[in-house]
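Q: here is my input, please return the structure:
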Amino acid sequence: QVQLEESGGGLVQAGASLRLSCVASTRTFSDYTMGWFRQAPGEEREFVAAIGRSGYFLIDYTESVKGRFTISRDNVKNTVYLQMNNLKPEDTAVYYCAAGYAVGILVRPNDYLYWGQGTQVTVSS
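A: Predicted structure coming up:
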């Protein structure tokens, strides 16, 4: 069982930046593909970004965040980050961290095994 804990959300104005962090409680963190998803009220959970397991230099983003968001991981600290720049009101959602066991990038929620509780990001116009 892997526990994931997100932090770094908050209320910001449009154009601001936030960095989300997700710490995983596992000694094999580097073996997991890590992803960020978000869910706005009344909407389905949406893929945001993912980074492959150690040794596989794979990263993917949903189109709407390309050029603004950056996903990274620190396998020593068991942490995955989501740097979010130039935030827009449509980025408002609860952001979830997820861990999946695969070689490649995972973009579907059902492909992930473990989930955090989420952190709220609110962007005002």
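Q: which ones are touching the closest residue to Leu18 other than its chain neighbours?
A: Distances taken as C-beta to C-beta, 6 or more residues apart in numbering put Met84 closest to Leu18, at 5.0 Å, once the chain neighbours are dropped. Just so you know, the C-beta spots here come from the backbone N, C-alpha and C atoms, and that holds for glycine as well. Neighbour list for Met84: Ser17, Leu18, Arg19, Leu20, Val65, Arg68, Phe69, Asp91, Val121 [criterion: C-beta atoms under 8 Å, 6 or more residues apart in numbering].
Q: for Asp31, give its distance to Val76.
A: 14 Å (C-beta to C-beta, to the nearest Å).
Q: looking at the two, which has the bigger crowd around it?
A: Asp31 (14 against 8; other C-beta atoms under 10 Å).
Q: now the nearest residue to the more buried one once chain neighbours are set aside: how far from Arg73?
A: Closest residue to Asp31 apart from its sequence neighbours, by C-beta to C-beta, 6+ apart: Arg53 at 5.4 Å. Distance, Arg53 to Arg73, by C-beta to C-beta: 9 Å.
Q: Ser124 too?
A: 30 Å.
Q: neighbour count: the two, which is higher?
A: Each of Ser124 and Arg73 has its neighbours counted (other C-beta under 10 Å); Arg73 has more, 22 against 11.
Q: dig out what the more buried one forms beta bridges with.
A: According to DSSP bridges, the partner residues bridging Arg73 are Val80.
Q: any idea which residue sits dead centre in the chain?
A: Residue closest to the mean C-alpha point of the chain, counted by C-alpha atoms, centre = their mean, is Trp36 at 2.2 Å.
Q: strands - which of the contacts of Met84 land there?
A: Leu18, Arg19, Leu20, Phe69, Val121 (DSSP state E).
Q: buried among those residues? Need that as a selection in PyMOL.
A: Burial among those is assessed by 16 or more other C-beta atoms under 10 Å; the matching PyMOL selection reads:
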select buried, resi 18+20+69+121
